[in-house]
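> Attaching a predicted model along with its sequence, questions to come.
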Amino acid sequence: MKILDGKVVSQAVKDDLKASTVAWKEKGGKTPHLAAILVGSDGASETYVASKIKNCEEVGFKSTLLRFEAGIEEQELIAAIEQLNNDADVDGILVQLPLPKHFNEEKVINLIDPEKDVDGFHPISLGRLVQGLPTFVSATPYGIMLLLKHYNIETAGKHAVVIGRSNIVGRPMSILLSQNTNPGNCTVTLCHSKTQNLKDLCLQADIIVAALGKVSFLTADMVKENAVVIDVGITRVADATKKSGFAIKGDVDFENVAPKCSYITPVPGGVGLMTIAALLTNTFAACTRK
Ligand code: NAP
């Protein structure tokens, strides 16, 4: 069993980006600039946004964080997005999800200029992905593709089971794995909460991507020998032994599944770090392709 190490691979991606940014600026290019919007003070969202900002600094990007109280009016958020859309210095915009309940997330995401949609959540980005056109690929599935590529994992002709069909993870993941690319060319089964015989489907899978948000859902009896297992899940579970008071858990029962796998991602230290590396890659592309 080998670990697909998000720490090592994300660092390699960031080192490349840092060097590319220096080279780009030496040729007279502008500093790539990511703007993040955070509404409210959800603990996990605070952590994610802080990490994105810190990683921007690490690779030499500029970043801007716009913070709003949870109770702001929709109009105020709309005005902020429009201002960022019109700001020529801003290359990428992300709105940290989830938004407080009174917002319509779909409506808010649709307001982002698709040319700055570095999270890849806009319908135009997803539509272009479906058609195999150049686009901003949603950062988590994009990060997983970078991980598979780095470890040279054979995907062509393999059966991939993706558990979870959200527009930001499971669905784009299933599309990427099915495309005529490397990695790609899988035969993909996309599963969800109404899927019957999920265990039987998983047992047929060469590659399993677990993206449902249920701690230790994928157990050893659902995984065939030598499968590749990618754990997307991030759930905070109360843990008095930790300074923070919680531990981060994935969707895979790592301890018992890992011995059966050829490759597996840990949580933490796997897909989460790759998501940020992919976001930075999209931001660099947004800046340089103008
Ligand atoms: P989501 O929008 O809640 O979608 C969950 C999906 O899982 C849905 O399609 C749901 O099916 C399916 N599902 C739920 N229970 C199931 C079951 N028992 N069997 C089969 N399918 C089931 O979640 P998400 O945004 O995709 O995120 C999924 C997980 O990934 C979460 O833990 C999230 O925190 C994590 N995440 C991690 C990263 C990262 O960077 N590592 C990034 C994004 C998300 P239905 O469609 O039928 O409801």
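Arrived safely. Everything quoted here is computed from the prediction, not taken from an experiment.
> for Val237, phi and psi?
Main-chain dihedrals, Val237, degrees, to the nearest 10: phi -120, psi 130.
> For it, give the beta-bridge partners.
Note on Val237: beta-bridge partners by DSSP bridges are Ala247.
> pLDDT score for it?
Val237 carries a pLDDT value of 95.
> ditto for Lys290
pLDDT, Lys290: 79.
> and the stretch 51-200 of the chain, which of its residues are near the ligand?
Residues of the stretch 51-200 of the chain lying close to the ligand (Cβ under 6 Å from any ligand atom) are 140, 163-166, 168-170, 191-195, 198. Where you see a C-beta, it was placed from the backbone N, CA and C, and this is true even at glycine.
> which residues touch Leu198?
163, 191, 222 (Cβ atoms under 8 Å, 6 or more residues apart in numbering).
> Most neighbours among these, which one?
Within the contacts of Leu198, most neighbours by other Cβ atoms under 10 Å means Ile163, with 28 neighbours.
> where does it fall, phi/psi-wise?
In terms of degrees, to the nearest 10, the main-chain angles of Ile163 are phi -100, psi 110.
> quick one: it and Ile208 touch, right?
Yes - shown here, Ile163 and Ile208 form a contact pair, counting by Cβ atoms under 8 Å, at 7.1 Å.
> shouldn't Val228 be in contact with Thr265?
No - checked against Cβ under 8 Å, the pair Val228 and Thr265 is beyond contact range at 9.2 Å.
> Could you check which of these two is surrounded by more residues?
Set Val228 next to Thr265 and count neighbours by other Cβ under 10 Å: Thr265 wins out with 28 against 24.
> In the lengthiest helix in the chain, which residues are buried?
If you go by DSSP state H, the chain has its longest helix at helix 6-26. For helix 6-26, the neighbour count (16 or more other Cβ atoms under 10 Å) marks 6, 9-10, 13-14, 17-18, 20-21, 24 as buried.
> what are the ranges of the strands in the stretch 101-250 of the chain?
With strands called from DSSP state E, counting those that start in this stretch, the stretch 101-250 of the chain shows them at 159-163, 187-191, 207-210, 228-231, 235-238, 246-249.
> of all those strands, which lies closest to Gly29?
strand 228-231 (34.2 Å; Cβ to Cβ).
> which residues does the nearest residue to Leu4 once chain neighbours are set aside contact?
Of all residues not flanking Leu4 in the chain, Thr265 sits nearest, at 4.6 Å (Cβ to Cβ, 6 or more residues apart in numbering). Thr265 makes contact with 3-4, 6, 147, 229-231, 271 under the criterion Cβ under 8 Å, 6+ apart.
> ok, those residues vs Ile37, which is closest?
Nearest to Ile37 among the contacts of Thr265, counting by Cβ to Cβ, is Val271 at 23.2 Å.
> would you list every one of the helices in this protein?
Applying DSSP H to the chain gives helices spanning 6-26, 43-59, 74-86, 105-110, 123-130, 139-150, 170-178, 198-203, 254-257, 271-288.
> before we move on, the earlier item: which of the residues of the stretch 51-200 of the chain next to the ligand are buried?
Buried members of those, scored by 16+ other Cβ under 10 Å, are 140, 163-166, 168-170, 191, 198.
> export those residues to CSV and tack on distance to Leu111?
Putting those into CSV (distance: Cβ to Cβ, whole Å) gives the following:
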residue, distance to Leu111
Thr140, 22
Ile163, 31
Gly164, 26
Arg165, 24
Ser166, 20
Ile168, 17
Val169, 22
Gly170, 24
Cys191, 32
Leu198, 36
